[in-house]
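[1] how does the following fold in three dimensions:
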Amino acid sequence: MNDWHNVFSDSEREAQRRWGDPAVWDEARITRLLWNRIPPELHARLEAAPFFFLATSDRHGRCDCSFKGGGPGLVRIINASTLEFPDFDGNHAFMSLGNILDNPYVGLLFIDFADGGRLRVNGHATILDDDTHRQRFPQARRVVRVQIEQVVPNCAAHVPRLIPDTSPVEAGT
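    Numbers count the residues shown, from 1 in each chain. Predicted coordinates:
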């Protein structure tokens, strides 16, 4: 799913040389772990996600990371390389939207605290505030569309399981 020669920036390759093993990222591993679209088998999982984290930055590189919640249906997969989510009015600071106006590159991080599943989605965002796009999310004033450039599944290691154990307690324990 990738042009494996151009996956990493020069600085990422430098970090791999300094602190890792650049040979780990061969063509087979890149093809398996770095994608340019969301595979169909993950569409329903992302559309069921009740929240995600959105990373943006302004034109000077000053970053912002915000929580985006709203329950299942928060994200809609338009096709394998496009997703949309609503922009709900919060504190009216418009930090994420302002950054998108300045620098359209965004990162979305999805975490499932029940099974530890993680998925990063990086791409180019556009803010849509016309009636056609708001119909998908009638409660929102704006919709953010992301043209996906990179999808990175991560292992579940180190993700805390925050969903309480609901197994029955046996008598005497």
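
[2] now do the SS call for residue 41.
    Recorded secondary structure, residue 41: helix (DSSP: H, G, I helix; E, B strand; the rest coil).

[3] from now on call the first residue 16
    Taking 16 as the first residue, the last one we looked at is residue 56.

[4] so who does it touch?
    Listed by C-beta atoms under 8 Å, 6 or more residues apart in numbering, residue 56 has no contact partners. Bear in mind the C-beta positions are built from the backbone N, C-alpha and C, glycine included.

[5] please identify the helix or strand for the most centrally placed residue in the chain.
    For the chain, residue 123 is the residue whose C-alpha lies nearest the centre (C-alpha atoms, centre = their mean; 2.4 Å). If you go by DSSP states H and E, residue 123 is part of strand 120-126.

[6] list the contacts of the residue nearest to the centre of the chain.
    67-70, 135-137, 161.

[7] ok, residue 158 next?
    99-102, 142-144, 148-149, 151-152.

[8] can you list phi and psi of residue 22 for me?
    With angles defined as degrees, to the nearest 10, residue 22 sits at phi -70, psi -40.

[9] re the thing from before, please report how far the residue nearest to the centre of the chain lies from residue 68.
    Distance, residue 123 to residue 68, by C-beta to C-beta, to the nearest Å: 7 Å.

[10] cheers, nothing more for now.
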